[in-house]
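*Asks:* Model the following, please.
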Amino acid sequence: MANETNTPPSPSGPAMNSSVDVTVAYQSAISLWVYEGAQVWAKFTAMIYANTIVIATIGIVFTRQNADDLRLFRVLLALLGIALCSMWILIVRRSFDYHDYWIFCARELELSLPEEARFISRGKRFGAGETISFRPYGELRIGFRRLKSKWLSYGIIVVFIALYGATCLVSAGSTSPLPQPSTPPGAEKPTSKPEATTPPLSLLIIKGCRSRERRHSRWCSSAVTALDCQPTNTNSRSAI
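*Replies:* Next comes the predicted model:
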């Protein structure tokens, strides 16, 4: 009886020898890559909205009349914003790691495809600044290849952190109102002069009417006196 040797299965699973299996796995990796990319920017947009609300609240507090009394509240809002930015950095870092993972999976599966179908690998060379030729359309080369979206997103987070830090510094260095001088015991408090009050409009109108009546009566009396003082012409009356 011949000895039978059982070979253990490979821990990595069966190899994909069929081109159909490679194509399906490649399409799955592309779909997951697109999905993870959409999730990255959805999370990024949500964190931008949250930090914008905090910044707007700080601006409203700064414009209030009792802004000096709300310094502690401004500092607490700034610390809340810094905590949000810290979580934002962790979320973006983890999301980009998953995004890059599916890109690497797709590139690995592209090795089993023809050279013309390896467009993700060509995209890597295009992002690195290499000139890519497209038959028969010509060649294409990327501009500003050093500016990557990942580092630009981190730059936006740093801008928010700088705004929160400036808020903390301004709130800590803002001057409080000067204290009022205290009067010694036994001394009389200075009495303030009564403020001149403006009479109402109706009272001003009544006063104006009365002054006009006085001037009118004075003019009439002077006219009557002048008429009484004129001499009468008796000769002319006798002649008539």
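*Asks:* In the chain, where's the longest helix?
*Replies:* helix 19-62 (DSSP state H).
*Asks:* distance of residue 153 from residue 141?
*Replies:* 24 Å (CB to CB, to the nearest Å). In this view, the C-beta of every residue, glycine as well, is placed from N, C-alpha and C.
*Asks:* helices and strands around the longest helix of the chain, which ones?
*Replies:* helix 71-110, helix 149-173 (3 or more CB pairs under 8 Å, 6 or more residues apart in numbering; DSSP states H and E).
*Asks:* most packed of those helices?
*Replies:* Scoring the helices and strands packed on helix 19-62 by mean neighbour count under mean count of other CB atoms under 10 Å gives helix 71-110 as the most buried, with a mean of 16.
*Asks:* Which neighbouring elements make contact with it?
*Replies:* Against helix 71-110 (3+ CB pairs under 8 Å, 6+ apart) you get helix 19-62, helix 119-127, helix 149-173.
*Asks:* which stretch in those helices is the model least sure about?
*Replies:* Among the helices and strands packed on helix 71-110, helix 119-127 has the lowest mean pLDDT, at a mean of 74.
*Asks:* what packs against it?
*Replies:* helix 71-110, strand 132-134.
*Asks:* List the strands paired with the shortest one, with their directions.
*Replies:* With DSSP bridges as the criterion, the sheet partners recorded for strand 132-134 are strand 138-140 (antiparallel).
*Asks:* Let me know the average pLDDT across the partner strand.
*Replies:* pLDDT averaged over strand 138-140 gives 69.
*Asks:* which residues touch residue 171?
*Replies:* Going by CB atoms under 8 Å, 6 or more residues apart in numbering, residue 171 touches 71, 72, 74, 75, 78.
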